[in-house]
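Student: This is the structure alone, sequence omitted:
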């Protein structure tokens, strides 16, 4: 049976199954919002469970829930991670609004729990698979480089998610490249989620509430990338009391202020972070004019207009600066803004409308007296979207909506001063419009079976406003066409079906399966392996086609020994079309016809992921292992045969442990091992005009050395007062000083030019850290 026929049968089952009673006995609805009683923050993914039945639901991204039931008397349990559950007896004879405030649990969270729902432990129920969720509280004990709490580095310890390099914030998810991950902060696209070349991520943990990572089975409301979605949500701000928190480390400091504008109705959040390595440079006369720092700033306001309406305004601004003696400077950064309006039409229908702005740019300056130059590149988005949620009855929940993104790309500009001998070169801007409509239905035909059916129809308009090229098979430009601004050069359409099924084997185990198709219209042009601030983005054009992926996945999930342990196994297979790679000797720097340097083909990735987690007791943590393969086949590369993708790594192991030694001390450590990335080493060399040139054979046929590292941290809780908490965190990155390879270099031997010397560049050995954290 084809996928289309299978989905049609499932759709008919969900709409006309007798279990639905859509036109039978009248249902009434219990709806409302769930918040934290301590700070008024809405709780994402809180559980609403109807006792002695298989009915239940969870809150959405704004803490809203809705569940429809036949008239009766019910016991409803409201719960969330780190909160004290609340049980209500409800006599349902009409639609009821129940807004719930949950208290903090009367115990301290002493373990790290990575969950796929906000209840304790991974959700074995439901149909959603391939998802990991992480809160800041859950990540606070994990040791990372420089001692900075970093959510992006913490998720690299989860199965199927691999770091792009040593200390790097870039990630490879299930065989995808770094640009195939959609990273969104309060719904705004983040095009470069790294500070200081990837050693820090853009996310200040003090401003972040929740992060969800979808590795497969992406819900229909997400689209635009092939491999994963990282949905990051900022805190809303405490609407009960004003609080201040922060930290002071060896090279960075943070400060977070939040509080009510009007208690129980509105709140604000302001959070800032800055590194100060440049201040130490100023102590040395030789380096006093150098720059090396970044800052970021998060802000958020929210206001309840009434019982049915709420406004949110949030923004992020971050910038990196690097410079040497005023001769060379570069800066890069992101800026986002999100205005959201939540509206509740009735007890069953919820709407969120968002207007979103996103900007990323870099600037590179060289000062050389009469030959000063500046290089600039930018990508900017304007996005308008609406998302609806409708609770049909106790077995059907419908989500639908639309979005429209207007992209403006300035690919590259080089300009000189008045006396410069370099001619200005400004590439044409690229304009495009990315649109989508979607719908999905979560259907529960019986207590053991859950089905989610979804479809997304996306389109991409390539808009005029510059030169477009036609090229031949060898990359030579055949002709150039100028299109006026606003004219549609080409339109692409893609239908993206999604289906996921979950079946409960018993109360402690389930199996799930999913199929997802994704289309990607924005592409990163880079020669680097990880997150490079000078990488640029290119949109789908008359030559660059949308990348397409089809992913199939299956999984087994079990809670073991009275939920003390959790075991997960997932297997996946992904096929990709129109993936891009570079011609041999490609010149990408400020190349106006960059399409002529690209080749297109297909890819495949497959693997199996295991995770065993201990969730209770003094010692908690997890072990994850991924066995995988990632390949490409592109005509014009490797004799048109399959070859290893750069991100192909056979083995990936992470071990995380957290030990609550006492009320005062918490110890933690993690060990990572992974196969070295695929690379192309020279197989020979020859001389050209007295210069050595290297000969290369098969693409990515060699390997970097295997990578492994052990990290350790210890947290000392200082004396607590009623409104003041303090702690010291000590850390050591790379405990046994492993010199992991960052790069392998080849050069002629000085004494014998016919022989070749091979040298290894390593970034870090031991990196100690200490930080002081406080909150009042």
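Tutor: Happy to help now that I have it. None of these values were measured; they are calculated from a predicted model.
Student: Now do stretch 674-683: distance from first to last residue.
Tutor: By CA to CA, to the nearest Å, the extent of stretch 674-683 from end to end equals 25 Å.
Student: Which residues outside that stretch are in contact with it?
Tutor: 162-163, 165, 529, 644-653, 694-708, 741, 744, 746, 756 (CB atoms under 8 Å, 6 or more residues apart in numbering). Where you see a C-beta, it was placed from the backbone N, CA and C, and this is true even at glycine.
Student: now stretch 753-767
Tutor: Contacts of stretch 753-767 (CB under 8 Å, 6+ apart): 145-146, 166-167, 682, 685, 692, 705, 732-735, 737-749.
Student: Then stretch 238-257?
Tutor: By CB under 8 Å, 6+ apart, stretch 238-257 touches 38-41, 146-148, 200, 204, 206-207, 258-260, 263-267, 269-277, 302, 769-776.
Student: In helices, which of those residues fall?
Tutor: By the criterion of DSSP state H, membership of these in helices covers residue 277.
Student: are any of the contacts of stretch 238-257 buried, and which?
Tutor: The neighbour-count criterion (16 or more other CB atoms under 10 Å) marks 39-41, 146-148, 200, 204, 206-207, 258-260, 266-267, 269-276, 302, 769, 771, 773 among those as buried.
Student: Just the ones of the contacts of stretch 238-257 in strands?
Tutor: 200, 258-260, 266-267, 269-275, 302, 769-775 (DSSP state E).
Student: Pop the domain breakdown of this protein in here.
Tutor: 16-102, 131-231, 232-775 (automatic domain parsing).
Student: deepest of these, which one?
Tutor: domain 131-231 (a mean of 24; mean count of other CB atoms under 10 Å).
Student: and that one, how far apart are its ends?
Tutor: 11 Å.
Student: do stretch 231-251 as well
Tutor: 28 Å.
Student: What average pLDDT does that stretch get?
Tutor: On average, the pLDDT along stretch 231-251 is 92.
Student: what do you get for stretch 584-598?
Tutor: 77.
Student: Could you do stretch 685-705 as well?
Tutor: For stretch 685-705, the mean confidence score works out to 87.
Student: still on that earlier bit, looking at the domains of the chain, spot the one closest to residue 125.
Tutor: domain 232-775 (6.6 Å; CB to CB).
Student: Just checking the distance from the closest one to the centre of its chain.
Tutor: The chain centroid and the centroid of domain 232-775 are separated by 6 Å under CA atoms, centre = their mean, to the nearest Å.
Student: let's number from 511 now, not from 1
Tutor: Got it, first residue is 511 now, which makes that one domain 742-1285.
Student: Between the two ends of it, what distance do you get?
Tutor: Where domain 742-1285 begins and where it ends lie 23 Å apart, using CA to CA.
Student: can you give me the helices in the stretch 561-710 of the chain?
Tutor: Assigned by DSSP state H, counting those that start in this stretch, the helices in the stretch 561-710 of the chain fall at 646-649, 661-665.
Student: mind checking the end-to-end distance for stretch 555-564?
Tutor: In stretch 555-564, first residue to last residue: 18 Å (CA to CA).
Student: For the protein, which residue occupies the most central location?
Tutor: For the chain, residue 740 is the residue whose C-alpha lies nearest the centre (CA atoms, centre = their mean; 2.5 Å).
Student: mind listing what it touches?
Tutor: Taking CB under 8 Å, 6+ apart, one finds 662, 665, 691, 692, 693, 694, 703, 721, 722, 723 in contact with residue 740.
Student: can you redo the residues you listed as TSV with distance to residue 1016 and pLDDT?
Tutor: TSV is the format used below for these (distance: CB to CB, whole Å; pLDDT from 0 to 100):
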residue	distance to residue 1016	pLDDT
662	36	85
665	30	89
691	35	94
692	36	95
693	37	95
694	37	96
703	40	89
721	31	88
722	27	89
723	28	92
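Student: out of these, who's nearest residue 538?
Tutor: residue 722 (30.9 Å).
Student: For the closest one, give its distance to residue 1152.
Tutor: Distance from residue 722 to residue 1152, counting by CB to CB, to the nearest Å: 33 Å.
Student: Against residue 717, how distant is residue 744?
Tutor: Distance of residue 744 to residue 717, given as CB to CB: 5 Å.
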